[in-house]
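1. Pasting a predicted model and its sequence here:
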Amino acid sequence: MSVGVPLQTATTLAPRVMLVAGEASGDLHAAGLVAALRRREPGIEIWGVGGGESRASGMNTAVDIAEIATLGLVEVGEKGRALLRTYRMLRRELYERPPQLLVLIDFPEFNLALAAVAKRRGVPVFYYVSPQVWAWRRGRVRKILRRVDRLAVLFPFEPAVYGNDPKVVFVGHPLLDRVRPTATRERTLARHGLDPEKRLVALLPGSRRHEIERMLPEMAGAAQALVAHHGVQCAVALAATLPRGLAEPIVAGRGVSLPLIEGDTYNLVAASDLVLVASGTATLEVALLERPMVIMYRSSPITFFIAERLVGVPWLGMPNLIAGREIVPELLQRDVRADEIARVAGAILADPERARTMRADLAAVHAALGAPGAADRAADLALGLLRERS
C-alpha cells in the first residue's frame, strides 16, 4: 500500500476532504467531481482512495483502487486483506485527523462502514452515486439515510426509492458529459479498414479479464453466424484495461475478420447498427449513443446463484431499468451462447422497424437522464454541505 501525503492539520484554512472510490467506474466519477471541486475551491485538499483518473484531476491517492477493487461476490476474498488494511488506515485518519468532509462514491459495503465511523466523529458525509438498493437489499435504505448527510443520485427513479427524502438529490449522470462520438461513421469505418457498404455489429465484451474469458468466445461465435447469414461485418472494442494478447487468441482462426479496436469505442459504437454488450456501465454508454443492443451477463455459477436470490428487479441492464420495461433483450448465464446470441441479434438485424423502435426508446432513456453537468451539481451539493458544517 502506497500511502500519500496525509490530510492537512486543523490549522490549515483550505477545506480538507477525504474521498473514497473503490472501483474503476467510481474513479471516473471521482475524477469529474474532484475537477469540479477544485474549480470552485482551488486550494481544496482531496485525499483518499482513487485511481489514475482521480490523480489526473488533482487528488492525492493514498491507496490505488487497483489494490482493493473486487470482481464479484466470490472474488471479494482475493483482496480481503488489502481492503481491511485500507479500512483501518482510513478509520484511523477519521479519528486522528478528521477531515471537514467525507465523500464516498459507490463501493457500498466498504463505504457504509466508513460512513458510520465518520458520523461518530461528527464528520459530514456526502455520498455520490447511490448504492444500488433498488436492485437488491432494499433494507439498506434506512441505514444509508441514517449515515449520510447528502446523497447525490444518478438516475431519475432513485429519489422515490428513498421515500423522496430531502437529503436525496437527483443530479443526472456524469456519462452525459463524456459519451459522444468525435468522428462521422464514414471516418470511423475508414480509420479501421471497415466496409462503408456493410452494416456493422460491435462487440463490447467487458473491461475485466473474466468477462473476456467468459463472453468473448460466445460473442465471436455469434459474429461468425451473423456474418454468414446477415452479410454484416463485426469488430471488437477492446477496453484499455485489457491486453490485446488476452483477446487475440479468442478471435483468431474463426474464418471471419474480427478486428480488435482500442481507444475508439464511442466512435465504433456510434457507427454500428447493433451492439453486443456485456452488462455494466457500457450498456448505459451504448444507450446514450442510442444504438440497438443485446445485453448479456455471465459470471461464476456461485456468484450468479447468490445474485439471483438477492436481486429484486426484473432486468439487469440499465436501459431497461430506466425505461421500466424491456426495451432491449437480455441474455443471462446459460443463454450467453453463440447460437442464442446470433438468434436474438439476427432477429433485430432482420427487422428494421424493431431497430427503429429500439432507437426511439433509447432516445427516451437518454432524455430521462437529464442534462450534462452532473459533477458540477454534485460539487455544489458537497461544498454546500461542507459550509453548513463549518
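-> Done, it's in.

2. Please make it C-alpha for all contacts and neighbour counts, starting now.
-> Fine.

3. my guess is P372 contacts V171, does it?
-> No: in this structure, P372 is not within contact of V171 by Cα atoms under 8 Å, at 9.2 Å.

4. and those two? which has more neighbours close in?
-> Applying other Cα atoms under 10 Å to P372 and V171 shows that V171 carries more neighbours, namely 25 against 16.

5. Can you tell me how far N320 is from P292?
-> According to Cα to Cα, to the nearest Å, N320 and P292 sit 12 Å apart.

6. higher neighbour count, those two?
-> P292 (30 against 22).

7. Looks like the more buried one contacts D361 (just checking).
-> No: with contact defined as Cα under 8 Å, P292 does not reach D361; the gap is 9.6 Å.

8. Tell me how far P196 lies from R180.
-> 21 Å.

9. again, but for A190
-> Counting by Cα to Cα, the gap from A190 to R180 is 19 Å.

10. now V161
-> 30 Å.

11. for E388, same thing?
-> E388 is 37 Å from R180, by Cα to Cα.

12. Looking at those two now, which is surrounded by more residues?
-> More crowded of E388 and R180, by other Cα under 10 Å: R180, with 15 against 9.

13. Would you mind giving both backbone torsions of the more buried one?
-> When read as degrees, to the nearest 10, the backbone of R180 gives phi -160, psi 150.

14. Quick one: low-confidence residue ranges for the protein.
-> 1-13, 69-79, 133-139, 300-314, 390 (pLDDT under 70).

15. which residue ranges form the strands in it?
-> Counting by DSSP state E, residue ranges of the strands within the chain are 16-21, 45-50, 60-64, 101-105, 125-128, 150-153, 168-170, 200-204, 233-238, 260-262, 274-278, 293-297, 330-332.

16. remind me, longest helix of this structure?
-> helix 209-230 (DSSP state H).

17. Just give me the neighbour total for the residue nearest to E340 when sequence neighbours are not counted.
-> Excluding its sequence neighbours, the residue lying closest to E340 (Cα to Cα, 6 or more residues apart in numbering) is A222, at 7.9 Å. Neighbourhood size, A222 [other Cα under 10 Å]: 24.

18. my guess is A222 contacts A342, does it?
-> Yes: with contacts counted by Cα under 8 Å, A222 reaches A342, the gap being 4.7 Å.

19. who touches the closest residue in space to P124 that isn't next to it in sequence in this structure?
-> Using Cα to Cα, 6+ apart and skipping the chain neighbours, the partner closest in space to P124 is L101 (5.3 Å). Contact analysis of L101 by Cα atoms under 8 Å, 6 or more residues apart in numbering lists 16-18, 123-126, 386.

20. how about a markdown table for those residues, with distance to V277 and neighbour count added?
-> A markdown table is the format used below for the contacts of L101 (distance: Cα to Cα, whole Å; neighbours: other Cα atoms under 10 Å):
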| residue | distance to V277 | neighbour count |
| --- | --- | --- |
| R16 | 40 | 22 |
| V17 | 36 | 22 |
| M18 | 35 | 25 |
| V123 | 41 | 22 |
| P124 | 39 | 25 |
| V125 | 35 | 25 |
| F126 | 32 | 27 |
| L386 | 40 | 20 |
